[in-house]
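Enquirer: Coordinates only, no sequence provided:
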Ligand SMILES: [Mg+2]
């Protein structure tokens, strides 16, 4: 099994580099359990993504253009797993989750770590995302 990880507001705060102890131990535990891991980030800052991935000692795809499928294909190659054996964990419906569904992986939506994020995300993506999440919750399509 493999897990694709979003970076910003999933593993670290947006544009930050401090990795919490919790995240480090979660990653170590996942590795011990035999999960193949890979970071898939849309961040423009390719160097930062590389540094984070190196510190966690996992492969990465930067400038992934989620929800496009190309980045996911690259991730599958790095992970050595097919879509059916893979899950993505991310904080955004219109990039991580939509992209994950298009690529045919299992999807796990987490709450963003922090409210600070790319202006476009905050202004354009979050309001309809909140509406959709409320809608899915009412229909019982989402946990908690
Ligand atoms: Mg994110």
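Expert: Looks like it came in fine. Small disclaimer: the values here were computed from a predicted structure and weren't measured. Residues are numbered from 1 along each chain as shown.

Enquirer: nearest residue to residue 72 other than its sequence neighbours?
Expert: residue 103 (3.7 Å; C-beta to C-beta, 6 or more residues apart in numbering). Using the backbone N, CA and C atoms, a C-beta is placed for each residue, glycine as well.

Enquirer: thought that neighbour was touching residue 83?
Expert: Yes. Contact criterion C-beta atoms under 8 Å: residue 103 and residue 83 qualify, at 5.7 Å.

Enquirer: Can you work out which residues contact both of those two?
Expert: Common neighbours of residue 103 and residue 83, counting by C-beta atoms under 8 Å, 6 or more residues apart in numbering, are residue 72.

Enquirer: of those two, who's got more company?
Expert: Each of residue 103 and residue 83 has its neighbours counted (other C-beta atoms under 10 Å); residue 103 has more, 23 against 19.

Enquirer: Mind checking the pLDDT average for whichever strand or helix holds residue 107?
Expert: Under the criterion of DSSP states H and E, residue 107 resides in strand 106-109. On average, the pLDDT along strand 106-109 is 96.
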